[in-house]
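Enquirer: Please find the sequence and the predicted model below.
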Amino acid sequence: MQLGIVSHKELEPTPVSPQTQEARPQLPLQLTRGDDKQQPLCPGFNFQSFVEGVSNRLAKATAQRVVDCPGDSQHNPLVICGGVGLGKTHLMHAVGNALRGADSRACRRRVVYSSTESFVNEMVCAIRNHEMAEFKRYYRSADVLLMDDIQFLAGKERCQEEVFYTINALHERGGCQLIVTCDRYPREVEGLQARLKSRFGWGITMVVEPPDMETRTAILMRKAAGRVPQLAPQGAMLIAQRINSNVRELEGALNRLYAHAQFSGQQTIDDDVIRQALSDLFALHQRRIGFEEIKKAVAGYYKIRVSQLESGQRERRIVRPRHIAMALSKELTHGSLPEIGRAFGGRDHSTVIYACRKIEQLRQTQAQLNSDYQYLLQELTS
């Protein structure tokens, strides 16, 4: 039966004749060496370069906690979930770099990083070359094992078995830390063995959400730092308003902007230059979201009437959705604060500011409210 990239048949060792011994495929790197550089960690992925915001603050704090207490049962394994380009791999590498670095507060540990694709390919190669003992020894002797994108294990039964026994081996040794990333909760990955889902559920799962506009702006300013010509904060905010998907697309837009500025000889980057350089990207991402659409979405989600969002009712079941709708309006539209206030029953701009700040504070302390907000944000922008 075909199972994704690798089938059971492909994973079975094949006889190798003496004539073809030298021509057989080799493992990408020697698994017996002790320098832990099978797949080097990106040195630029550290906690200092990670831009913190409401969407990732808790995940970052948990990752830093792992650096302080690697192998602690409360955070082992650490599963980091989130969509593409939201910083999951960055956080994973940051932990690895901190633990591998000589100046780490923890003692130096053997850190092994691998993407799931590489793990699968190396396992196939090890089976064919009769080097499974070395393959197992390499991964099971790690003090810290980092595995990226475990959703790609789905359907690969033999590889899942190896990951399962590797996790058990690390657990039995004690003090070993496992960190994995996934594009969704592991329990939601179809084709993943129940026992493996159970192992990933041993520790803690942290979700990295799409960044809000302020965080997107901060990310652009961080990545533009030191580049010429300088990107002004209002220019970064313009890009962040128009491109609200993920960090990779923000970085791609920034690279295109600077390439345009270089080739056209621009000495400064103003809003007109940004619109000219990124016009097609803005058109691609632009989806006109109006106040009415936001109000309908929020009212439908909370099972209230749109007229109640615009009314003067002060019941909690009305006030909280109204504040959420105002915060979404600030993030998703180009309306000014007074315009948002007028759309919600003629309220003034100070009321909108209060609502947005209140929702931002509550999202940091109330997981359910944050989940509601992110759901509505995704529904409105998808």
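Expert: That came through fine. Numbers count the residues shown, from 1 in each chain.
Enquirer: For the stretch 1-150 of the chain, which segments count as strands?
Expert: Counting by DSSP state E, counting those that start in this stretch, the stretch 1-150 of the chain has strands at residues 78-82, 111-115, 144-148.
Enquirer: Redo these as JSON lines? Include mean pLDDT and mean neighbour count.
Expert: For glycine as for every other residue, the C-beta is placed from the backbone atoms N, C-alpha and C. Output for the strands of the stretch 1-150 of the chain, formatted as JSON lines (pLDDT from 0 to 100; neighbours: other CB atoms under 10 Å):
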{"stretch": "strand 78-82", "mean pLDDT": "93", "mean neighbour count": "24"}
{"stretch": "strand 111-115", "mean pLDDT": "93", "mean neighbour count": "21"}
{"stretch": "strand 144-148", "mean pLDDT": "95", "mean neighbour count": "24"}
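Enquirer: Quick check: which of those is nearest to Val207?
Expert: In terms of CB to CB, the element of these nearest to Val207 is strand 78-82, at 4.9 Å.
Enquirer: Wait, Glu209 touches Ile80, no?
Expert: No - at 11.8 Å, Glu209 and Ile80 do not qualify as touching, with contact defined as CB atoms under 8 Å.
Enquirer: State the mean pLDDT of stretch 329-342.
Expert: The average pLDDT for stretch 329-342 rounds to 84.
Enquirer: Give me the residues contacting that stretch.
Expert: 212-213, 241, 244, 289-291, 294, 326, 343, 347-349, 351-353, 356, 377, 380-381 (CB atoms under 8 Å, 6 or more residues apart in numbering).
Enquirer: try 10 Å
Expert: For stretch 329-342, the external contacting residues (CB atoms under 10 Å, 6 or more residues apart in numbering) are 212-214, 216, 238, 240-242, 244, 287-291, 293-295, 298, 325-328, 343-344, 347-353, 355-356, 359, 373, 376-377, 380-381.
Enquirer: hang on, the earlier thing: any shared contact partners between Glu209 and Ile80?
Expert: Shared contacts of Glu209 and Ile80, defined by CB under 10 Å, 6+ apart, are found at Asn56, Ala59, Leu86.
Enquirer: Among the residues you listed, name the ones in helices.
Expert: Mapping the shared contacts of Glu209 and Ile80 onto helices (DSSP state H) picks out Ala59.
Enquirer: Got the phi and psi for Trp243?
Expert: Wrong residue type there; residue 243 is Ile, not Trp. Per-residue torsions, Ile243: phi -120, psi 110 (degrees, to the nearest 10).
Enquirer: Model confidence score at it, please.
Expert: Note on Ile243: pLDDT of 86.
Enquirer: Check the contact between it and Leu278; I expect there is one.
Expert: Yes - shown here, Ile243 and Leu278 form a contact pair, counting by CB atoms under 10 Å, at 7.9 Å.
Enquirer: Low-confidence regions, the stretch 201-350 of the chain specifically.
Expert: Confidence mapping of the stretch 201-350 of the chain against pLDDT under 70 gives the ranges 284-288, 334.
Enquirer: Start and end of stretch 194-208, how far apart?
Expert: The straight-line separation of the ends of stretch 194-208 (CA to CA, to the nearest Å) is 24 Å.
Enquirer: Name the nearest residue to Leu377, sequence neighbours excluded.
Expert: Spatial nearest neighbour of Leu377, chain neighbours left out: Leu328 (6.6 Å); criterion: CB to CB, 6 or more residues apart in numbering.
Enquirer: Need the contact partners of stretch 267-283.
Expert: Everything outside stretch 267-283 that qualifies as a contact, by CB under 10 Å, 6+ apart, is 224, 227-232, 234-239, 241-243, 249, 252-254, 256-261, 263-264, 266, 284-285.
Enquirer: Can you say which of those residues are buried?
Expert: Neighbour-count burial (16 or more other CB atoms under 10 Å) applied to the contacts of stretch 267-283 gives 224, 231-232, 235-239, 241-243, 249, 253-254, 257-258, 260-261, 266, 285.
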